[in-house]
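A.B. asks: predicted model follows, preceded by the sequence.
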Amino acid sequence: MNQQELQEARTNPEFLGYLNEKEKEALENQSISELYEVLDSLLILDLGDDRVHKIYSEILKISFDKIEERLKQDTKLDINTDDIYFVRSFYEHAIEKWSMTNFNGAAELFFILTQIIEDKFLIDTINIHLIACSDNVDMDTFYENNVLLDESEEVDEKYGYFITTFKFDTKEYLANNENILNQQFDKLKHLLA
């Protein structure tokens, strides 16, 4: 959308009414996919921080409840289903903690994600985040030094919410840092109990 289209959407009473109704329904239904649809619209249209915060808080609440439920059931999240929204919210919360240099909090969330998702590629990339947090590397430094920003790199759409491309070979990096991952597992495995 260009700036004119964004402004038209912000002031279109029909669209704003639809968005309000969608938000109400999503909150009533506790539908994380619908809540993300509303959240993404609010962010694109810049329709108020309080409203964004309210929706994001609800997304986190639903996500944490569902992930806790999955941990108890010992079932994995499948990112090829609506589970992607639970993974996305948990990941975004971990990134938020990391960006505020809460390395331990971010590491805990990244660790839990590596234990509850069923996607080897995503687990490997999240483990790279976990290694950085365990080394207290701030997110900006990590991003600048390690993330590949090459737009020609083909990435599956389902990974669009995650940092997945790096300036190094992922398998080699993980092999070289296996001790750190093992230490993190020993340190954080109590979170799975």
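C.D. replies: Sure thing, it's come through. Bear in mind the structure is a predicted one, so any value in this text is a computation, not a measurement. Numbering: from 1, shown residues only.

A.B. asks: got the buried residues for the one helix or strand Val38 maps to?
C.D. replies: Per DSSP states H and E, Val38 falls inside helix 32-45. By neighbour count with 16 or more other C-beta atoms under 10 Å, helix 32-45 contains the buried residues 32, 34-39, 41-42, 45. For glycine as for every other residue, the C-beta is placed from the backbone atoms N, C-alpha and C.

A.B. asks: which strands and helices lie in contact with the helix or strand bottoming out on mean pLDDT in the chain?
C.D. replies: Counting by mean pLDDT, DSSP states H and E, the chain has its least confident helix or strand at helix 3-11, which shows a mean of 76. Counting by 3 or more C-beta pairs under 8 Å, 6 or more residues apart in numbering; DSSP states H and E, the packing neighbours recorded for helix 3-11 are helix 32-45.

A.B. asks: could you point out the helix or strand that follows the lengthiest helix in the chain?
C.D. replies: Assignment by DSSP state H gives helix 49-73 as the longest helix of the chain. Per DSSP H and E, the first helix or strand lying C-terminal to helix 49-73 is helix 83-99.

A.B. asks: output that following helix as CSV, nothing but the C-alphas.
C.D. replies: Taking C-alpha atoms only, helix 83-99 is exported to CSV below (Å, rounded to 0.1, in the frame of the first residue of the first chain):
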residue,chain,number,x,y,z
ASP,A,83,0.4,-23.7,15.4
ILE,A,84,2.6,-21.2,13.5
TYR,A,85,0.9,-18.4,15.4
PHE,A,86,1.8,-19.8,18.8
VAL,A,87,5.4,-20.3,17.6
ARG,A,88,5.4,-16.8,16.1
SER,A,89,4.1,-15.1,19.3
PHE,A,90,6.5,-17.0,21.6
TYR,A,91,9.4,-16.2,19.2
GLU,A,92,8.5,-12.5,19.0
HIS,A,93,8.3,-12.4,22.8
ALA,A,94,11.8,-13.9,23.0
ILE,A,95,13.1,-11.4,20.5
GLU,A,96,11.5,-8.6,22.5
LYS,A,97,13.3,-9.8,25.7
TRP,A,98,16.6,-10.2,23.8
SER,A,99,16.3,-6.6,22.3
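
A.B. asks: report all helices and strands that the following helix or strand past that helix contacts.
C.D. replies: Later in the chain than helix 83-99, the nearest helix or strand by DSSP H and E is helix 103-116. For helix 103-116, the packing partners by 3+ C-beta pairs under 8 Å, 6+ apart come out as helix 49-73, helix 83-99, helix 120-134, helix 178-188.

A.B. asks: show me the domain layout of the protein.
C.D. replies: Domain segmentation of the chain under automatic domain parsing yields 1-75, 77-193.
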